[in-house]
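1. Here is my input; please provide its structure:
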Amino acid sequence: MEKWSESLVQRKVGDEVFETNEDVTQIDQTQLDDMQFLCEGVFTDKERLKKVRGKIKKTYCGKGNSSLVRNVAESVLEQLAEIKDDLKFAKSRRGKFILFVNDWAQQAYVGLRQDTRFDDIMIGSHLEEERIVVTGETSDPATLVETIQMIATNEPGVPVEYRITVQTTR
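-> Here you go, the predicted structure:
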């Protein structure tokens, strides 16, 4: 099972950037293939990111290239900028916490989603503080108690704030 945090941080240039509906000359195709080769794999450090950005700017953004190659290069540079921002976020204290909460919540949902009584219960990180927030609504006070018990069995190691409304009908 892929961790949810993996989908929050872009670490690769998408292959779709290199796909085109236009007629491509052999020279353009070679340049696109070379550019795609430069962008292969996962970016984990800013040094490789910087080198690839520089190479693409220098080699593929000049007027000597076709507009197709320049447009693809610009799209690649945009994705590399997003990757740079995401890597910075993932290494920040706040980013690490948000990624932790998403992965922890994914595990908590394994138990919660087995019972439809917990369908309206959601887990996320507090907007400003390093705490987990469990929100939602239930019509049964026992569901609130069971939610707290389930969370307690998988102690996250950080404070948990409960914002669950119990809607009893009269």
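2. in this structure, which segments are predicted with low confidence?
-> The chain contains residues with pLDDT under 70 at 170.
3. Do you have the strands of it handy? List them.
-> In the chain, the strands defined using DSSP state E lie at 121-125, 132-138, 160-166.
4. Please tabulate those in a markdown table, including the columns mean neighbour count and distance to residue 55.
-> Bear in mind the C-beta positions are built from the backbone N, C-alpha and C, glycine included. As requested, the strands of the chain are exported to a markdown table (neighbours: other C-beta atoms under 10 Å; distance: least, C-beta to C-beta, whole Å):
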| stretch | mean neighbour count | distance to residue 55 |
| --- | --- | --- |
| strand 121-125 | 19 | 37 |
| strand 132-138 | 18 | 42 |
| strand 160-166 | 13 | 47 |
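5. I'd like the ones you listed written out as a markdown table, with distance to residue 96 added.
-> As requested, those are exported to a markdown table (distance: least, C-beta to C-beta, whole Å):
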| stretch | distance to residue 96 |
| --- | --- |
| strand 121-125 | 11 |
| strand 132-138 | 14 |
| strand 160-166 | 18 |
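6. Leaving out the residues flanking it, which one is nearest to residue 147?
-> Leaving out its chain neighbours, the residue that sits closest to residue 147 by C-beta to C-beta, 6 or more residues apart in numbering is residue 121, at 5.7 Å.
7. Contact partners for that neighbour?
-> Counting by C-beta atoms under 8 Å, 6 or more residues apart in numbering, residue 121 makes contact with 112, 134-136, 138, 147, 164.
8. give me that answer again for 10 Å
-> Counting by C-beta atoms under 10 Å, 6 or more residues apart in numbering, residue 121 makes contact with 108-109, 112-113, 115, 134-138, 143-144, 146-147, 150-151, 162, 164.
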